[in-house]
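Student: I'll drop the sequence and a predicted model, then ask my questions.
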Amino acid sequence: MRRAGRVVADSSVLICLVKIGRLAILKELFQVVLITKSVYEEVVIKGRLLGKGGVSTIEQAIVNRWIQMVPAGSRQKHEAGEYRDKWGVGRGEAESIALAKSRALPVILDDKNARHLAGIMEIQYAGTAALLLRALQKGIIDKGSYFSSLRDLGQVMWLSPDVMAEMIRLAEEKEK
C-alpha cells in the first residue's frame, strides 16, 4: 500500500490520536506530517509542562522525522495573523492553514471555523474522524478497531451526532 505524501496537521489531530492510542495511523497514511512551531509548542512544550500523556510518543515521531516542524516564513506569519484577526481561529490553526496554502498541501483540522476557512481558501482538509475512516478504507485498521477508535475519539473530542452517524454510515457502506 502506498502512503500519501505530505500533510499539515494541527494540534487537535495529534492530541486526539495520541489520547486514543492511534497516532501511528498518521504514519501509515502519510510519508511526512508537517507541523508549525505553534503546534509544536502547544503539543510538546505545553503538554510536557502540564504533564499530559503521550508527549513522548509525539517527540519520538519527531525524532524519527515522520513528524517534522517547519518554521513559518514572514509571509506565512502575516497570513496567519490575518486569519486569526478576521476569522477568529487559533494560532495553531491559522499557522497550519498558512503552511498548507504555501505548500499546496492538505491540512488536518478539527476546529469548525478553521475548516470553513480552509474550504474558502480551497485547501483540501479533513478532520481526525475522517482519518480514522481513511485508515479503515485503506485496510490499516479493521472495522472493529474503527468503531472502537471512533467511540474513543468521541470521548476525547466533541463529535456531533450527525458526524458520528455519517462516519458509521460511511463505514457500513464500505462493506457493500
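Tutor: Looks like it came in fine.
Student: C-alpha from now on. contacts and neighbour counts both.
Tutor: Noted.
Student: contacting residues for residue 35?
Tutor: 8-10, 67-70, 96 (CA atoms under 8 Å, 6 or more residues apart in numbering).
Student: just checking, it is part of a helix?
Tutor: No: with the criterion set as DSSP: H, G, I helix; E, B strand; the rest coil, the secondary structure at residue 35 is strand rather than a helix.
Student: ok, now how distant is it from residue 71?
Tutor: 9 Å (CA to CA, to the nearest Å).
Student: do residue 117 as well
Tutor: Distance of residue 117 to residue 71, given as CA to CA: 21 Å.
Student: count of neighbours near residue 142?
Tutor: Burial measure for residue 142: 12 neighbouring residues, criterion other CA atoms under 10 Å.
Student: who's in contact with it?
Tutor: Residues counted as contacts of residue 142 (CA under 8 Å, 6+ apart) are residue 136.
Student: below-threshold pLDDT in this protein: ranges please.
Tutor: Flagging of the chain using pLDDT under 70 yields the residue ranges 1-3, 174-176.
Student: now do the helices in it.
Tutor: Taking DSSP state H, the helices of the chain run over residues 11-19, 24-29, 37-40, 46-49, 55-63, 74-87, 91-103, 112-120, 128-137, 143-156, 161-174.
Student: what residues sit buried inside the second one?
Tutor: Of the residues in helix 24-29, those buried by neighbour count under the rule 16 or more other CA atoms under 10 Å are 25-29.
Student: so what does it touch, helix or strand wise?
Tutor: Using 3 or more CA pairs under 8 Å, 6 or more residues apart in numbering; DSSP states H and E as the contact test, the elements touching helix 24-29 are helix 128-137.
Student: the helix it packs on to helix 161-174, inter-axis angle?
Tutor: Counting by axes from the mean of the first three to the mean of the last three CA atoms, to 10 degrees, helix 128-137 lies at 10 degrees to helix 161-174.
Student: and the contacts of helix 128-137?
Tutor: Outside helix 128-137, the residues touching it (CA under 8 Å, 6+ apart) are 13, 16-17, 25-26, 29, 108-110, 141-143, 146, 149-150, 153, 167, 170-171, 174.
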